[in-house]
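Chemist: Provided below for reference: sequence and predicted model.
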Amino acid sequence: MNPATLQLIARFRKLAGRQGKPFDVMRFVADAAYARGCLALALDTDDEELLLAGLQLQESMGLNAPAAAPPPAASASPPPNGKAEPPASQRNHYIGRLR
């Protein structure tokens, strides 16, 4: 990581802390998903300085590209009896004894 990016991280951390949005710098550098989450939370602000620092940091770290989408799930085969099972929200489950 270049010195300019490290300076941006330090500036961004200071500005985010002032807004009550602190973060773990080591995890921010190592985990791209965590960094994206921190940037998303911190960029939801009216502070122009924080917004500008966040956008610069996002570009510098290459986090402005969307995260890779998970592969589509394989379609489930129909049940052997031919009837489709209702969604989990519509199934009747025993919760416990009611009085």
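Modeler: Received the coordinates, thanks. Residues are numbered from 1 along each chain as shown.

Chemist: all contacts plus neighbour counts: C-alpha atoms, from now on.
Modeler: Will do.

Chemist: How about the contacts made by residue 64?
Modeler: By C-alpha atoms under 8 Å, 6 or more residues apart in numbering, residue 64 lies in contact with residue 58.

Chemist: do you know how far it is from residue 20?
Modeler: 23 Å (C-alpha to C-alpha, to the nearest Å).

Chemist: Quick check: pLDDT value at residue 86.
Modeler: With respect to pLDDT, residue 86 scores 64.

Chemist: now residue 83
Modeler: Note for residue 83: predicted pLDDT of 65.

Chemist: so is residue 35 in a helix, a strand, or just coil?
Modeler: Secondary structure state of residue 35, per DSSP: H, G, I helix; E, B strand; the rest coil, is helix.

Chemist: shouldn't it be in contact with residue 28?
Modeler: Yes. Residue 35 is within contact range of residue 28, at 4.7 Å (criterion: C-alpha atoms under 8 Å).

Chemist: Settle it for me: which of the two has more neighbours?
Modeler: Set side by side, residue 35 and residue 28 show more neighbours around residue 35, with 20 against 17, by other C-alpha atoms under 10 Å.

Chemist: Run through the residues that contact residue 61.
Modeler: Applying C-alpha under 8 Å, 6+ apart to residue 61 gives the contacts residue 5.

Chemist: Run through who's touching the top helix by length along the chain.
Modeler: For the chain, the helix reaching the highest residue count under DSSP state H is reported as helix 3-18. Residues from elsewhere that reach helix 3-18 (C-alpha under 8 Å, 6+ apart): 22-23, 25, 42, 49-50, 53-54, 56-57, 60-61.

Chemist: Would you check which pair of these lies furthest apart?
Modeler: For these, the farthest-apart pair by C-alpha to C-alpha is 22 and 60; their separation is 19.8 Å.

Chemist: low pLDDT regions in this protein?
Modeler: 65-99 (pLDDT under 70).

Chemist: Could you rerun that using 80?
Modeler: Applying pLDDT under 80 to the chain flags the ranges 1, 42, 64-99.

Chemist: could you pull out the helices for it?
Modeler: Taking DSSP H as the criterion, the chain carries its helices at 3-18, 25-30, 32-42, 48-61.
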